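Chemist: please work out how this folds:
(one chain, ligands or ions: 2)
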Amino acid sequence: MSNNELLAEARSLQDWLSGLRRTLHMMPELSLREYKTSAHLADELGRLGLKPSKLWGEGLVADIDAPKGAGRIALRADMDALPIQELNEIPFRSRHDGVAHMCGHDTHMAILLGTAKMLAGKRERLRHSVRLIFQPAEETPPGGARGLIQNGALEGVDEVYALHNQPSLEVGKVSTCAGPLTAAADTISMRLTGRGGHASRPHESLDPIPAACALVGQLQTLVARRVSPAQQAVVSITRIQSGTTHNIIPDHADLLGTVRTFDAPVRDLLEREIGAMVAGVAAAHGLEHEYRFERGYDSIVNHESGVRRVAEAAGSVVGAENVNTKQEPATWGEDFSYFLQQRPGAFFLLGSGNRREGICEPLHSARFNVDERCLPLGVAILATLALS
Ligand SMILES: [Zn+2]
Ligand SMILES: [Zn+2]
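Modeler: Ligands and ions are numbered 1, 2, ... in the order given. Coordinates of the predicted model:
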């Protein structure tokens with residue numbers, strides 16, 4: 001079967017895929033509460049003759065065994081929605097107040113089910129056995145990926161792949177890169193504690209406000225003076241809270257911020273150096289300090305072999321000229337990173353935007369939507385990975 005035939009078959013499923021995506025779109029569920037979603041997926045998989053099993057939370061895995069294939073590839077879709085009120089005026093708008101699939105995980109589930117439908121009818125031609133992984137709780141750290149992996153989702157698996165729709169990329173385009181594709185997104189919080197007093201007699205107090213200001217300035221030197229110019233990082237202080245009124249020196253100042261990195265040693269270095277700087281500035285001002293560095297998801301680091309496979313598969317579906325393998329790393333986080341720490345493979349962005357039709361709202365926007373023509377393209381690319 002040539003790739004044109006595969007794509008034609010995927011396109012013949014367009015109405016079925018759109019219907020599935022719309023059904024899921026109307027019944028969004030938050031992280032770790034994907035009960036109806038999971039039941040719906042289990043029904044659909046059963047209809048294809050597959051036997052899904054629950055591994056962790058509402059997550060499902062189902063195998064399609066190749067009679068003569070070598071090895072097994074895993075394909076993963078995430079299941080959860082976001083706490084957002086959808087503002088789209090569409091017939092299949094979310095029926096669940098305050099919850100909506102504004103990251104397009106409904107699209108990912110429909111693509112993976114469509115891939116299952118294509119592959120279940122082609123077992124004898126599969127080059128690899130396949131494991132379908134439907135993962136709960138991608139949006140809420142600590143996330144569902146690690147729970148699934150700890151319960152055996154990758155046992156017997158040799159390679160692992162996943163996609164994310166991308167509305168800033170036109171439908172028909174695919175983008176990825178070897179190495180880091182998303183950031184590690186960590187939260188820093190600090191408290192500087194002194195001794196409050198009358199604002200007219202500052203010498204009798206220990207004022208945390210000048211220290212907080214000094215600290216914010218000092219922190220900006222870390223990326224410039226501690227991180228190699230060949231590496232990227234962001235340190236942003238996003239909230240400072242202290243004091244109550246004009247004539248009182250407050251007891252303490254609280255600072256909150258974010259750190260984004262793409263490389264584990266840089267992340268470790270910044271965790272350490274920020275801590276040392278907080279301690280140093282506090283000591284210089286005679287203050288006590290507290291410091292917390294809370295880790296979000298690790299950065300997705302794509303394997304070169306996986307990116308080559310994705311580029312070939314995607315190129316055969318959308319044309320090599322529509323596949324970018326030099327995608328700039330994104331500063332959002334994704335817990336597919338944990339799958340790629342265990343097995344080779346890759347994560348890629350599937351164009352789902354259509355500027356002319358006004359489908360270009362970003363992920364997590366209340367007006368986010370996808371061009372559903374991305375559904376058969378995603379199916380054909382994932383199916384190609386299993387068949388080649
Ligand atoms: Zn999201
Ligand atoms: Zn997402």
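
Chemist: distance check, Glu5 against Ala178.
Modeler: 30 Å (CB to CB, to the nearest Å). The way it works is simple: take the backbone N, C-alpha and C, and place the C-beta from them, glycine included.

Chemist: neighbour count for these two, which is higher?
Modeler: Neighbours were counted for Glu5 and for Ala178 using other CB atoms under 10 Å; Ala178 has more, 18 against 10.

Chemist: ok, that one touching Val307?
Modeler: Yes. Counting by CB atoms under 8 Å, Val307 is a contact partner of Ala178 at 4.6 Å.

Chemist: overlap in contacts, the two.
Modeler: Counting by CB atoms under 8 Å, 6 or more residues apart in numbering, the contacts common to Ala178 and Val307 are Thr325.

Chemist: Asp80 is in contact with Gly143, isn't it?
Modeler: No. Counting by CB under 8 Å, Asp80 sits too far from Gly143 to count as a contact (9.6 Å).

Chemist: got any residues that touch both of those two?
Modeler: Ala137.

Chemist: show me what the mean pLDDT comes to for stretch 371-384.
Modeler: Averaged over stretch 371-384, pLDDT sits at 98.

Chemist: mind listing what's buried in it?
Modeler: For stretch 371-384, burial by neighbour count (16 or more other CB atoms under 10 Å) applies to 371-384.

Chemist: do the same with stretch 93-113
Modeler: For stretch 93-113, by 16+ other CB under 10 Å, it's 94, 96, 99-113.

Chemist: now it - C-alpha only, CSV.
Modeler: Provided in CSV are the C-alpha atoms of stretch 93-113 (Å, rounded to 0.1, in the frame of the first residue of the first chain):
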residue,chain,number,x,y,z
ARG,A,93,-19.4,23.4,22.0
SER,A,94,-18.5,22.0,25.4
ARG,A,95,-21.6,20.9,27.4
HIS,A,96,-19.6,21.1,30.6
ASP,A,97,-19.7,24.6,32.2
GLY,A,98,-16.2,25.9,32.9
VAL,A,99,-14.4,23.0,31.3
ALA,A,100,-13.3,22.7,27.7
HIS,A,101,-10.8,20.9,25.4
MET,A,102,-8.9,24.1,24.8
CYS,A,103,-5.6,22.2,24.3
GLY,A,104,-7.1,20.0,21.6
HIS,A,105,-6.6,16.7,23.5
ASP,A,106,-10.0,15.7,21.9
THR,A,107,-8.2,16.0,18.6
HIS,A,108,-5.3,13.8,19.8
MET,A,109,-7.7,11.1,21.0
ALA,A,110,-9.6,11.0,17.8
ILE,A,111,-6.3,10.7,15.8
LEU,A,112,-5.1,7.8,17.9
LEU,A,113,-8.5,6.0,17.6
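
Chemist: same question for that stretch, mean pLDDT?
Modeler: On average, stretch 93-113 scores 98.

Chemist: centroid residue for this structure?
Modeler: Glu334 (2.4 Å; CA atoms, centre = their mean).

Chemist: number of nearby residues for the residue lying closest to that one once chain neighbours are set aside?
Modeler: Setting aside the residues directly before and after it, Glu334 is nearest to Thr182 in space (CB to CB, 6 or more residues apart in numbering), at 4.9 Å. When counting by other CB under 10 Å, one arrives at 24 neighbours for Thr182.

Chemist: so where's the longest strand in this structure?
Modeler: strand 159-170 (DSSP state E).

Chemist: name the residues that touch the helix or strand just after that strand?
Modeler: Downstream of strand 159-170, the next assigned helix or strand under DSSP states H and E is strand 174-175. Contacts to strand 174-175, defined as CB under 8 Å, 6+ apart, come from residues 166, 169, 310, 314, 318, 322-325, 327, 348-351, 381.

Chemist: show me which helix runs longest in the chain.
Modeler: helix 264-284 (DSSP state H).

Chemist: list the beta-bridge partners for the residue nearest to Glu334.
Modeler: Ala330 (DSSP bridges).

Chemist: can you pull the pLDDT of it?
Modeler: 94.

Chemist: same question, the one 10 residues further on
Modeler: pLDDT for Leu192: 98.

Chemist: so Ile133 makes contact with Ala77?
Modeler: Yes. Taking contacts as CB under 8 Å, Ile133 lies within contact range of Ala77: 7.4 Å.

Chemist: which stretches of this structure aren't confidently modelled?
Modeler: For the chain, the stretches with pLDDT under 70 are 1-3.

Chemist: and the strands in the stretch 201-350 of the chain, which stretches?
Modeler: 233-242, 248-249, 252-261, 288-294, 301-302, 323-324, 345-353 (DSSP state E, counting those that start in this stretch).

Chemist: reformat those as TSV; add distance to Asp15 and mean neighbour count.
Modeler: Listed next are these as TSV, based on distance: least, CB to CB, whole Å; neighbours: other CB atoms under 10 Å:
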stretch	distance to Asp15	mean neighbour count
strand 233-242	43	15
strand 248-249	67	17
strand 252-261	41	21
strand 288-294	45	15
strand 301-302	33	22
strand 323-324	27	20
strand 345-353	18	26
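
Chemist: before we move on, back to that, which strands or helices does the longest strand of the chain pack on?
Modeler: Where contact means 3 or more CB pairs under 8 Å, 6 or more residues apart in numbering; DSSP states H and E, strand 159-170 is packed against strand 72-78, helix 105-120, helix 304-318, helix 337-342, strand 345-353, helix 374-387.

Chemist: wait, which of the ones you listed is closest to Pro52?
Modeler: Counting by CB to CB, Pro52 lies closest to helix 105-120 out of the helices and strands packed on strand 159-170; the figure is 9.7 Å.

Chemist: for the buried residues of stretch 371-384, which one is nearest Ala66?
Modeler: Among these, Ala383 lies closest to Ala66 (CB to CB), at 12.9 Å.

Chemist: the closest one is in contact with Gly121, isn't it?
Modeler: No. Using CB under 8 Å, Ala383 is not in contact with Gly121, being 10.6 Å away.

Chemist: what are the ranges of the helices in the stretch 1-150 of the chain?
Modeler: 3-12, 14-26, 35-47, 105-120, 145-150 (DSSP state H, counting those that start in this stretch).
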